[in-house]
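> After the sequence you'll find the predicted model.
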Amino acid sequence: MTAHSDLQKLLTWLSPAFPVGAFAWSAGLETAIANGVVHDRGTTEQWVEGVLAHGGLRTDAILLAHAHRAASDAAELQELADLCLALTPARERHEETTTTGAAFAAAAKAWPTPVLDNLPHPCPYPIAVGAIAAGHAINLEATLLGYLTATVHSQISVAVRLVPIGQTDGLSIMATLEPIIASMATLCQHAARDDIGAVAYAADIAQMAHETQTTRIFRS
């Protein structure tokens, strides 16, 4: 595989146009906006950075890295999937990661690899991305960088529409978070399972509260 070919795959797989339905989920951000916790550019940036550096996104990235290394081991992938789901605090987040994971695996069949047969059922989204990228010999750090960037983009897109903060503020947040995303990609590449640990409790609570929110646009 060439670096250009790898980049093409990552750009395609992690694009909003790739049919995983990520646009339908907010990972609890909709609740934070409805409650006024996230209400402008500054609070949007703080929320997304918190989830990235201290919350579920960091956990998912570490598990993605382990799935990348275990792509040829179906039993290990199953164990990682079980751990990922055990660390998912809310029912809607459980549904989000398994729904998008299944959709990603189904769409990725257009790029055949034996790793697809090793995926567990259900398969959380980061496990699917990590294993399938490894199946095509795509560099782990590049995969993490793409995954984290795409997920942060998705969160900012929610804020652009719901706060609303506008495209200019959304792009400014994205530019500000670029070095943090790169740092997290490097950190998660080398993290052990024992390094997993999240303290973004506000995000966890928002994910749980979303289940009973009266008016909802997003599914989580």
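Perfect, thanks for sending it.
> hey, which helix is longest across this structure?
For the chain, the helix with the greatest residue count under DSSP state H is helix 166-190.
> what residues does it touch?
41, 44-45, 48-49, 52-53, 58, 61-62, 64-65, 140-141, 144-145, 148-149, 152-153, 156-157, 159-160, 165 (CB atoms under 8 Å, 6 or more residues apart in numbering). Bear in mind the C-beta positions are built from the backbone N, C-alpha and C, glycine included.
> Show the buried residues in the residues you listed.
Neighbour counting with 16 or more other CB atoms under 10 Å marks 41, 44-45, 48-49, 52-53, 58, 61-62, 64-65, 140, 144-145, 148-149, 152-153, 156-157, 159-160, 165 as buried within these.
> on that earlier part again, inside helices: which ones of the contacts of helix 166-190?
Per DSSP H, helices hold the following members of the contacts of helix 166-190: 41, 44-45, 48-49, 52-53, 58, 61-62, 64-65, 140-141, 144-145, 148-149, 152-153, 156-157, 159-160.
> show me where pLDDT drops low in the chain?
1-2 (pLDDT under 70).
> make it 80
1-3 (pLDDT under 80).
> which residues does the most centrally placed residue in it contact?
The centre of the chain sits closest to residue 151, judged by CA atoms, centre = their mean, with a distance of 4.8 Å. By CB under 8 Å, 6+ apart, the residues touching residue 151 are 57, 60.
> repeat for the one 4 residues further on
Remark: with contacts taken as CB under 8 Å, 6+ apart, residue 155 is in contact with 26, 27, 29, 47, 48, 51.
> Hmm, the fifth one is touching residue 157, no?
No - counting by CB atoms under 8 Å, residue 48 stays clear of residue 157, with 10.8 Å between them.
> Look up which helix or strand residue 131 falls in, please.
helix 125-135 (DSSP states H and E).
> which element follows the longest helix of the chain toward the C-terminus?
helix 201-209.
> Let me know the angle separating that following helix from helix 41-54.
Relative orientation of helix 201-209 and helix 41-54, computed by axes from the mean of the first three to the mean of the last three CA atoms, to 10 degrees: 100 degrees.
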